[in-house]
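Chemist: Predicted model and sequence below, questions to follow.
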Amino acid sequence: MKGYDRDTGLERKFCQPDGPLALGEGAIIEGYASLFGATDQGGDVVQPGAYGACLKRMAAEGRRVKMLWQHDPAQPIGVWDEVREDNRGLFVKGRLLPEVAQAREAAVLVSAGAIDGLSIGYRTKRAERDASGRRLLAELELWEVSLVTFPMLAEARVGAKGGDPAEVLLRDLADAFAGARRMLAEG
């Protein structure tokens, strides 16, 4: 599904991964949020290098691409530790934060296979149409990558690796509470 927010000018492109969403130990999420040369359901094709200038600028400014739940800016669920272009597309790797209720729910849904899509929120900086009418996206300003139910690009998926993600999140949460109890006892 393609989305457009008239107030912000932000576009959304949903990308269904080509394999299971990766959720590793410590609630690590990884996958491709965008694939170069693949035509999505809206007729758009992201060109190699489309994210390069934006990623370089964000790194220079010390900013990160946001990890959201279903494109909701009020629901950040983790952090993307790695966002990079390679010869295949836009690869992302990050962590769901166990202290966030929606992140714990997301981990369970990913683990069960109920959620496996990635979607990007971006502004188009430069694009053109080819002879068949497809929009060729040459430069994008990437704002966020979301975990989503229905991605626009069938091949944009996240994968689950390692142990049971719900168990990992619950263990991390228990550790956080134990640490808080120690701090309160000391203070």
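Modeler: Arrived safely.
Chemist: For this protein, give me the ranges with low pLDDT.
Modeler: Where the chain drops to pLDDT under 70, the residues are 1-10, 12-26, 159-187.
Chemist: Please enumerate the helices of it.
Modeler: Shown for the chain, the helices assigned by DSSP state H span residues 52-61, 101-112, 165-186.
Chemist: which other helices and strands contact the second one?
Modeler: Right, helix 101-112. Applying 3 or more C-beta pairs under 8 Å, 6 or more residues apart in numbering; DSSP states H and E, one finds that helix 101-112 contacts strand 22-24, strand 66-69, strand 72-85, strand 89-96, helix 165-186. The C-beta positions use only the backbone N, C-alpha and C, and glycine is treated the same way.
Chemist: now do 6 Å
Modeler: Under the contact criterion of 3 or more C-beta pairs under 6 Å, 6 or more residues apart in numbering; DSSP states H and E, helix 101-112 touches strand 72-85, strand 89-96, helix 165-186.
Chemist: Report the inter-axis angle for that helix versus strand 72-85.
Modeler: Using axes from the mean of the first three to the mean of the last three C-alpha atoms, to 10 degrees, the inter-axis angle of helix 101-112 relative to strand 72-85 is 60 degrees.
Chemist: Roughly how far does the residue sitting nearest the centre point of the chain sit from residue 69?
Modeler: When the chain is reduced to its mean C-alpha position, the closest residue under C-alpha atoms, centre = their mean turns out to be residue 145, at 3.2 Å. Counting by C-beta to C-beta, to the nearest Å, the gap from residue 145 to residue 69 is 11 Å.
Chemist: give me the number of residues near the nearest residue to residue 122 once chain neighbours are set aside?
Modeler: Once flanking residues are discounted, residue 122 sits nearest to residue 140: 4.5 Å by C-beta to C-beta, 6 or more residues apart in numbering. Around residue 140 there are 24 other residues, counting by other C-beta atoms under 10 Å.
Chemist: and residue 140, what does it touch?
Modeler: By C-beta atoms under 6 Å, 6 or more residues apart in numbering, the contact list for residue 140 reads 50-51, 122.
Chemist: Same check on residue 128?
Modeler: residue 136.
Chemist: Tell me the spacing between residue 111 and residue 27.
Modeler: 10 Å.
Chemist: Please say which of those two ends up with more neighbours.
Modeler: Applying other C-beta under 10 Å to residue 111 and residue 27 shows that residue 27 carries more neighbours, namely 25 against 21.
Chemist: Quick check, that one in contact with residue 108.
Modeler: No. Taking contacts as C-beta atoms under 6 Å, residue 27 lies outside contact range of residue 108: 10.6 Å.
Chemist: Once you drop chain neighbours, what's closest to the residue nearest to the centre of the chain?
Modeler: Nearest in space to residue 145, with sequence neighbours left out and distances taken as C-beta to C-beta, 6+ apart, is residue 33 at 4.5 Å.
Chemist: burial of that neighbour, as a residue count?
Modeler: Other residues close to residue 33 by other C-beta under 10 Å number 29.
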